[in-house]
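Chemist: Please find the sequence and the predicted model below.
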Amino acid sequence: MPCPTLHGPPLKARDVFKHGSLLSENYWLPRVTSQQQSTTTRLRGFVTAFADLLAATRDEQAILDSGSALLARLIATDDWLPEEFARPDPDRYQQYLLHCDSRERFSIVSFVWGPGQSTPIHDHSVWGLVGVLRGAEKVERFGRLPSGALAAESEELLHAGQVDAVSPRIGDIHRVTNGLADRPSVSIHVYGANIGAVERATYTPDGARKSFISGYANRVIPNFWDRSKQP
Ligand SMILES: [Fe+2]
């Protein structure tokens, strides 16, 4: 079933993104003009398109496929994230809330790693999409052995513009490290819940599990709803 569209005739996803492996041909992307893609409207357009997608389907793979295409388009241009949500901290990586759906069906965060910073090995317990906006990120993915210990399964260096996915269904345990030694890296994540309120876990390599609820680093979120100075 096609997604509702926002602006003008829809573009079929495969016509927008050449690498069709990310995409489901059953869904449509809204057509967004260059004028509408201003700094302050990019995130609002993404939020609306993602809400449309979730209204059209609850199928996780369809959400990951079409959501990846939407996220790839959001991170294709690095001119819209306010500086306060891209600010590294000298002591640890930061997770800034950019938007949470009113029904907590999804949330959008920016992750900021300073040089040398890394997450612990952790899970998410819901689907998630990770898109690198700036810099690079090393992703190490882990699986569970019958003993309960963790086994490293793959490692990948994601560059700006690339999107990765996680979920309990496709693989949910990973560790993410800044891929740059001398600069911060920033990525935009979308999760299938209010991720800062979800009880999930960190792990040691032997599989020992420790529950945590991440919360967020920021007390205020971006205002992308003021249309008074926009078309
Ligand atoms: Fe993660």
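Modeler: Great, that's in hand. Numbers count the residues shown, from 1 in each chain.
Chemist: where along this protein do the strands fall?
Modeler: With DSSP state E as the criterion, the chain has strands at 11-12, 28-29, 94-100, 107-113, 121-122, 128-134, 136-144, 150-159, 163-166, 173-178, 185-191, 200-203, 209-212.
Chemist: Of all the ones you listed, which one is nearest Arg44?
Modeler: Closest to Arg44 of those is strand 94-100 (C-beta to C-beta; 8.9 Å). For every residue, glycine as well, the C-beta is placed using N, CA and C.
Chemist: So which residues make contact with the closest one?
Modeler: Applying C-beta atoms under 8 Å, 6 or more residues apart in numbering, the contact partners of strand 94-100 are 43, 47, 84-85, 87-88, 106-112, 188, 194, 196, 214, 216-218, 221-222.
Chemist: One more pass at 6 Å, please.
Modeler: Outside strand 94-100, the residues that touch it by C-beta atoms under 6 Å, 6 or more residues apart in numbering are 47, 85, 107-112, 194, 214, 216-218, 221-222.
Chemist: and what of stretch 176-189?
Modeler: By C-beta under 6 Å, 6+ apart, the residues outside stretch 176-189 that reach it are 75, 86, 88, 109-115, 117-119, 130-139, 157.
Chemist: What is the end-to-end distance of it?
Modeler: Start-to-end span of stretch 176-189 (C-alpha to C-alpha, to the nearest Å) is 12 Å.
Chemist: Next, the buried residues of it.
Modeler: 176-180, 184-189 (16 or more other C-beta atoms under 10 Å).
Chemist: Just the buried ones from the contacts of stretch 176-189?
Modeler: 75, 86, 88, 109-114, 117, 119, 130-139.
Chemist: remind me which residues of this protein are low pLDDT?
Modeler: Residues of the chain that meet the criterion pLDDT under 70 lie in 1-39, 230-231.
Chemist: hmm, back to that, now, which of the contacts of strand 94-100 sits nearest Arg144?
Modeler: The shortest approach to Arg144 among the contacts of strand 94-100 belongs to Ser214, at 21.7 Å (C-beta to C-beta).
Chemist: gap between the closest one and Ser102?
Modeler: 20 Å (C-beta to C-beta, to the nearest Å).
Chemist: So between the two, which is more surrounded?
Modeler: Higher neighbour count among Ser214 and Ser102: Ser214, with 15 against 6, using other C-beta atoms under 10 Å.
Chemist: how about the nearest residue to that one, chain neighbours excluded?
Modeler: In space, and not counting its chain neighbours, Ser214 is closest to Gly196: 5.2 Å by C-beta to C-beta, 6 or more residues apart in numbering.
Chemist: Any idea what the closest residue to Asp164 other than its chain neighbours is bridged to?
Modeler: Sequence neighbours aside, Val130 is the residue nearest to Asp164 in space, at 4.5 Å (criterion: C-beta to C-beta, 6+ apart). Counting by DSSP bridges, Val130 forms beta bridges with Asp164, His189.
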